[in-house]
Structure formats: structure tokens, C-alpha cells
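K.L.:
3D, please:
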Amino acid sequence: MKKLKPSTKYKKDYKRFRNNPKKVQKLFKVLSMLQNEIPIPKEYNPHMLTGNYARHMECHIDGDFLLIWFDPDTDEIDLVRLGSHSDLFG
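P.N.:
From the prediction side, this is the model:
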């Protein structure tokens, strides 16, 4: 089981959504898959990013509710950002 390591920006992002039980429940489902090294299903559109987030992964948790993470092939997964496309990419 991998350890989830949230960044400071991720923690700030999470605070904006923590009062939305639907989104939090879906987020925890994806985080559980990451933690247990279960491949993220295609319905979440997991894909590699480029540019400033090269080598990072992104998935669509619920519509325009995105998670960006980095898995450096260690026992930890870095949780980088959480939010909409406009929140994360301007």
C-alpha cells in the first residue's frame, strides 16, 4: 500500500471541496485506488500531462473536478492539485 503525500497546494484545494460530500466521496474512491495500486478506470480519463506538469498524471473525478498526482515509483504518491481546469491551468 502506497502512502499519499498531499502538497500544500493540494491541501488548500481540498479545503474548497471538503463540504461537498458527493465530490469528496468520489475523490476518496480514486485515492483508494491509487493507494492500493489499482489502475484508474478509463471512465476517469487518466492521462499523462505535459508542460509544467510533465510526468504527472491527471484524472477527471467528476466532470470538471480533476486530480493531479505524481507517482515516482516509490512507496509514496504525491497529491499535487485538485480542482477544475480553470483552477489548475488558468
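K.L.:
show me where the chain has helices.
P.N.:
For the chain, the helices defined by DSSP state H cover 8-17, 21-35, 85-89.
K.L.:
rank the ones you listed by mean pLDDT and give me the bottom one.
P.N.:
Comparing mean pLDDT across these, the weakest is helix 85-89, with a mean of 93.
K.L.:
Mind pulling up the pLDDT for the residue nearest to residue 34 when sequence neighbours are not counted?
P.N.:
Leaving out its chain neighbours, the residue that sits closest to residue 34 by Cβ to Cβ, 6 or more residues apart in numbering is residue 77, at 5.4 Å. C-beta: built from backbone N, CA, C; applies to glycine. Per-residue pLDDT puts residue 77 at 98.
K.L.:
tell me the contacts of residue 77?
P.N.:
2-5, 34-35, 69-71 (Cβ atoms under 8 Å, 6 or more residues apart in numbering).
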